[in-house]
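Q: Here's a sequence, model it:
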Amino acid sequence: MDKAFLTLDDGSIYEGLAIGKKGTVLGEIVFTTNMTGYQEVLTDPSYAGQIVTFTYPMIGNYGVSEGFNESDCKAARGLIIKEFHGLQTEKREGLDKWLTDKNITGISEIDTRSLTQKIRSKGVVPGGISSVEDGDSLLSLVKDSPPIESLNLVHDVSTKKKIVHKGKGPTVALLDLGVKKSIINYLLDEGFNVIQYPYSTSAEDILNDDPHAVVVSPGPGDPKAIGGVLKTVKTLAESKPYLGICLGHQLLALAFGGDTFKLKFGHRGGNHPVRDDATGKAVITTQNHGYSVDPNSLKDTDLYVTHTALNDNTVEGIAHKSFPAMAIQFHPEASPGPLDSLDIFSKFRKMIS
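A: As a prediction, the model looks like this:
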């Protein structure tokens, strides 16, 4: 394997071995605590613009299979791992070739434990990986790169055309901000007919199709970077039963007068406990977000908190006092992760009934 460098904008330079596509990639350095599911993580559109550090030390040991991709778009820009394993069988492709085919640049032989501790201490940081630049040259590129907060990453991962996923039940309008295939599959399993729309579709155009309900999907980046969607979200939530997931949760808060803020190092992984505030029941959830709803900003709105993160008491769910609108910050579809909160989809189905 060729030599590669990882550089952070604080001047830290790490030397490792190149994996995946050769070249240079820049992005926000984040970490995930998932022990498995690296393929699902790297194809999750919510990781667009980011370079993912895997805290679990051994990655690649069961290969990849195309059936587990969560999207067909360019999601994570890169990955950082400790120990690379290139298992390849007749039924499973090796991770290195798959990364190359997906244009994902990576680096191995990095002390991911110390890197994760740095991110937890100082927060997520801009950085870069390169197998063609030296550490100092890469640092200059990192410092000149635009902040992720300024980028409309949703534009890159949303569908470009309306897509109908035929089901046998009521129709759900899915506003695609970077949806995972698993969400569509679970909606179909719940008996919905799903119409997937580009994120820029107006509420008028969606409502003209007369859906029974609306789902606003997860997606990447700062919710305030796509402020133009807020009018659409508000109109949809006032018109039809509404389910927001992750970014769709944050947009519901903003649309009705709430606010969001950036977390120090985000919630990313499959081991995040969440409490249902109405029942007191706790579930383990999969999460992938760097922004959160400010609970204090909801006091003068018609929204209230329904779920709370048990690790840091941040908001994990909200609902509207008058309209049948609910939203969750976590991922009920998991992929990868626990399926403790799959009942969200059945609750949404009952809301429509």
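Q: Which parts of the stretch 201-350 of the chain are strands?
A: Assigned by DSSP state E, counting those that start in this stretch, the stretch 201-350 of the chain shows strands spanning 213-216, 242-245, 260-276, 282-293, 303-309, 315-320, 325-328.
Q: Quick one, which of those strands gets closest to E90.
A: Minimum separation from E90 across these (CB to CB) falls at strand 260-276, 28.9 Å. From N, CA and C alone the C-beta is placed, and that goes for glycine too.
Q: which strands and helices sit next to the closest one?
A: Counting contacts by 3 or more CB pairs under 8 Å, 6 or more residues apart in numbering; DSSP states H and E, strand 260-276 packs against strand 24-32, helix 112-122, helix 247-255, strand 282-293, strand 303-309, strand 315-320.
Q: mind listing what that strand pairs with, with the direction of each?
A: If you go by DSSP bridges, strand 260-276 pairs up with strand 282-293 (antiparallel), strand 303-309 (antiparallel).
Q: which residue ranges form the strands in the stretch 1-150 of the chain?
A: According to DSSP E, counting those that start in this stretch, the strands that the stretch 1-150 of the chain contains are 3-8, 13-20, 24-32, 50-54, 58-59, 78-80, 83-84, 105-108, 125-130.
Q: what would the ones you listed look like in TSV with distance to A334 and mean neighbour count?
A: Compiled in TSV, the strands of the stretch 1-150 of the chain are given as follows (distance: least, CB to CB, whole Å; neighbours: other CB atoms under 10 Å):
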stretch	distance to A334	mean neighbour count
strand 3-8	29	22
strand 13-20	25	20
strand 24-32	13	23
strand 50-54	17	26
strand 58-59	19	18
strand 78-80	20	27
strand 83-84	25	18
strand 105-108	24	27
strand 125-130	28	25
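Q: Quick one: closest of these to L187.
A: With CB to CB as the criterion, L187 lies closest to strand 24-32 of these, at 24.6 Å.
Q: Find the nearest non-adjacent residue to P45, please.
A: Nearest non-adjacent residue to P45, counting by CB to CB, 6 or more residues apart in numbering: G178, 3.2 Å away.
Q: Quick check: that neighbour vs S71, distance?
A: 8 Å (CB to CB, to the nearest Å).
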